[in-house]
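S.K.: Have a look at this fold, sequence not included:
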Ligand SMILES: [Zn+2]
């Protein structure tokens, strides 16, 4: 196993006269990591570790609540306004036009950016701090998303690649505060997934096994990035994250959304809820997430379904974006909290309490 997955570190230094140290010569260490599957780099300078608050200012919860109060009266996801103000699918695509599981309501996006682009209302409360994303409302949202995926796989020809995603609050790209998911996809995989599918196939050809199941096994052996397990989902932090505070929830048995059952979604929701509570305990107020699936119906054994969640810049007045040329143009990610420290925080937040 050791030779299959390599956790590659490239170490370097940078030396200069530091005015904060009376002009003394200062040498700082820089660690560049590579993702074992994609080769994607992330960079960590240990001296930045206690400067997290400079980059990510504290969330201004009073401001968030004021903005939420102001936007609530206009929100089409609050109450039963969705019944009159949201679009609906033709009956041959989705019988009844919309889909509902408990408080989760699914309907088409008014301005789709992929062949399938649905929006899901998550819960009835307009604004929630991350600690209040309870597993019940997340479960309903996953249930309606997966049920929808199973339906459009049958009713829309060519639909093979679907993802379940979410942005929460403005700095993460959300246009409204009200928690919502989005199901996107069609006959073409998204850029990231196309790359990952290719790498997974190469890995399978080289080693005769699935990267994701090997990764979980290896991370479990190493231990420092392994958070825990909720039923069929293994939770880890990534060695070379591609977003701030990145956590993965990996289904070691499921290759696509069509193969997911109730228990899978229940355990996914449990773990996800705990990760969000962990972020809340770190003072974070926003996130992006995606749940990836292999090609629908293909039973592609080179791939496993997984959830990937990251935090984004906190909400406060005059915040600056967390993405700079480093991420957008050089395609590297900055690591401020070491993945090994993040795993500790997540264990303390109780991500593993259900399964181990
Ligand atoms: Zn609302």
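M.R.: Sure thing, it's come through. Quantities reported herein were computed from a predicted structural model and do not represent experimental measurements.

S.K.: list the contacts for the residue of the stretch 151-300 of the chain found nearest the ion?
M.R.: Ranked by Cβ to the ion, the top residue of the stretch 151-300 of the chain for proximity to the ion is residue 178, at 3.3 Å. All C-beta spots, glycine's among them, are computed from the backbone N, C-alpha and C. Applying Cβ atoms under 8 Å, 6 or more residues apart in numbering, we find residue 178 in contact with 75, 77-78, 121-122, 126-127.

S.K.: Quickly note the distance from it to residue 276.
M.R.: Distance check for residue 178 against residue 276: by Cβ to Cβ, to the nearest Å, it reads 16 Å.

S.K.: With residue 336 instead?
M.R.: 19 Å.

S.K.: out of those two, which sits in the busier spot?
M.R.: Each of residue 336 and residue 276 has its neighbours counted (other Cβ atoms under 10 Å); residue 276 has more, 27 against 20.

S.K.: SS state for the more buried one?
M.R.: Residue 276 carries the three-state label helix when classified by DSSP: H, G, I helix; E, B strand; the rest coil.

S.K.: That one reaches residue 287, doesn't it?
M.R.: Yes - counting by Cβ atoms under 8 Å, residue 287 is a contact partner of residue 276 at 6.9 Å.

S.K.: can you list residues touching both of the two?
M.R.: By Cβ under 8 Å, 6+ apart, the residues touching both residue 276 and residue 287 are 130, 309.

S.K.: Show me what from the stretch 101-250 of the chain comes close to the ion.
M.R.: 126, 178 (Cβ under 5 Å from the ion).

S.K.: Strands along the stretch 101-250 of the chain, start to end?
M.R.: With DSSP state E, counting those that start in this stretch, the ranges of strands along the stretch 101-250 of the chain come out as 104-108, 116-121, 161-168, 180-186, 226-230, 233-237, 244-251.

S.K.: Redo those strands as CSV? Include mean neighbour count and mean pLDDT.
M.R.: Formatted as CSV, those follow (neighbours: other Cβ atoms under 10 Å; pLDDT from 0 to 100):
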stretch, mean neighbour count, mean pLDDT
strand 104-108, 23, 98
strand 116-121, 23, 98
strand 161-168, 23, 98
strand 180-186, 21, 98
strand 226-230, 23, 95
strand 233-237, 27, 97
strand 244-251, 25, 98
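
S.K.: And those strands: which comes nearest residue 147?
M.R.: Across the strands of the stretch 101-250 of the chain, residue 147 has its closest neighbour in strand 104-108 (8.4 Å, Cβ to Cβ).

S.K.: and the residue lying closest to residue 131 once chain neighbours are set aside, how many neighbours does it have?
M.R.: Spatial nearest neighbour of residue 131, excluding adjacent residues (Cβ to Cβ, 6 or more residues apart in numbering): residue 280 at 3.9 Å. Number of residues near residue 280 (other Cβ under 10 Å) recorded here: 17.

S.K.: For residue 280, give me its contacts.
M.R.: The contact partners of residue 280, by Cβ under 8 Å, 6+ apart, come to 129-131.

S.K.: Roughly how far does residue 138 sit from residue 331?
M.R.: For residue 138, the distance to residue 331 - Cβ to Cβ - is 31 Å.

S.K.: So those two - more neighbours on which side?
M.R.: residue 138 (25 against 11).

S.K.: Just give the closest residue to that one, not the sequence neighbours.
M.R.: Per Cβ to Cβ, 6+ apart, closest to residue 138 is residue 269, 4.0 Å.

S.K.: in a strand, that's where the one you found is, yeah?
M.R.: No - according to three-state DSSP, residue 269 belongs to no strand; its state is helix.

S.K.: surely it meets residue 142?
M.R.: Yes - here residue 269 lies in contact with residue 142, judged by Cβ under 8 Å, at a distance of 5.7 Å.

S.K.: neighbour count winner among those two?
M.R.: Counted by other Cβ under 10 Å, residue 269 and residue 142 do not tie: residue 142 has more neighbours, with 28 against 23.

S.K.: Tell me the spacing between the more buried one and residue 29.
M.R.: Noted for residue 142: a distance of 41 Å to residue 29, by Cβ to Cβ.

S.K.: same thing with residue 23?
M.R.: 20 Å.

S.K.: Just want to know which of the two has more residues nearby.
M.R.: Neighbour count, other Cβ under 10 Å: between residue 23 and residue 29, residue 29 has more, with 12 against 9.
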